[in-house]
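# Predicted structure and sequence below. I'll ask about it afterward.
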Amino acid sequence: MNHNVQNDQGNLIPVRNIYCIGRNYRAHAAELNHDVPDSPFFFQKSIPALNTSNEIILPENREIHHELEIVVLIGKNGEKISASSTDTFISGYALGLDLTDRIYQTQLKEAKLPWLLAKSFKGSAVVSTFQSEKIQKDYWLKVNDEVRQKGNGSQMVFSISQQISFLSSMIPLMSGDLIFTGTPSGVGPIHSGDSLELGIGERSIHSLSVK
Ligand code: MG
């Protein structure tokens with residue numbers, strides 16, 4: 001099983017933990033009938049969820065939704081990181097998909113139970129190659145050549161700095177941790193046979209086929 005992500009220098013970096021923020025874009029929180037939270041909240045995906053391939057193999061008989069997100073790679077250990085110094089802890093930026101079993105997640109939410117099994121099936125944490133530059137242009141997801149999600153990091157409720165500062169005040173961060181930083185609106189189901197493309201500005205950076 002692959003535990004590594006790759007950067008644009010061709011280096012493989014072992015992943016330690018996968019953290020994800022919830023409800024971090026107003027329009028997405030609204031589309032799922034939620035308010036934005038007063039402080040950030042996070043959930044985790046397990047390591048077997050990591051997917052750096054060009055394939056999504058859908059689990060049988062489950063409806064899986066795409067959530068396009070900027071993903072940051074933590075490059076050194078740290079705890080209680082001040083918001084002014086978070087940049088020195090980031091070693092790369094990628095695009096990813098926080099794949100979600102939405103029906104199961106809704107059932108778990110209603111039962112006030114953890115989301116883990118709706119969020120962390122095999123291959124559910126898709127990540128592209130990491131680049132060293134921040135992702136400042138609009139980023140997007142196309143499904144079968146049609147733009148389904150488009151966002152800009154400036155629309156986040158909690159910035160990447162705020163997320164790292166808050167998370168590291170509660171849990172020490174480790175070199176190799178990934179943080180999925182939230183999805184803009186437009187989430188929806190993917191189906192076997194779909195072609196997905198993730199991009200930044202004019203540039204396509206990762207493609208996937210859904211099996
Ligand atoms: Mg998400």
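Received it, and whenever you're ready, just let me know what you need.

# Counting residues, what is the longest helix that this structure contains?
Secondary structure of the chain per DSSP state H: the longest helix is helix 160-170.

# Say whether the ion is contacted by the following helix or strand past that helix.
Later in the chain than helix 160-170, the nearest helix or strand by DSSP states H and E is strand 178-180. No - applying C-beta under 5 Å from the ion, one finds strand 178-180 separated from the ion by no less than 5.7 Å. For glycine as for every other residue, the C-beta is placed from the backbone atoms N, C-alpha and C.

# List of residues touching the longest helix of the chain?
19, 21, 24, 39-40, 42, 70, 72, 74, 78-84, 86-87, 89-90, 153, 158, 173, 179, 181 (C-beta atoms under 8 Å, 6 or more residues apart in numbering).

# go again using 10 Å as the cut-off
With contact meaning C-beta atoms under 10 Å, 6 or more residues apart in numbering, helix 160-170 is reached by 19, 21, 24, 39-42, 70, 72, 74, 77-87, 89-90, 93, 134-135, 153, 156-159, 173, 177, 179-182.

# all helices of this structure, in order?
Counting by DSSP H, the chain has helices at residues 26-31, 102-110, 116-119, 160-170.

# The ones you listed into CSV, with extra columns for mean neighbour count and mean pLDDT?
Listed next are the helices of the chain as CSV, based on neighbours: other C-beta atoms under 10 Å; pLDDT from 0 to 100:
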stretch, mean neighbour count, mean pLDDT
helix 26-31, 16, 88
helix 102-110, 14, 95
helix 116-119, 19, 96
helix 160-170, 19, 98
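
# Save the ones you listed as TSV, and put in distance to Val5 too.
Below are these laid out as TSV (distance: least, C-beta to C-beta, whole Å):
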stretch	distance to Val5
helix 26-31	24
helix 102-110	25
helix 116-119	18
helix 160-170	17
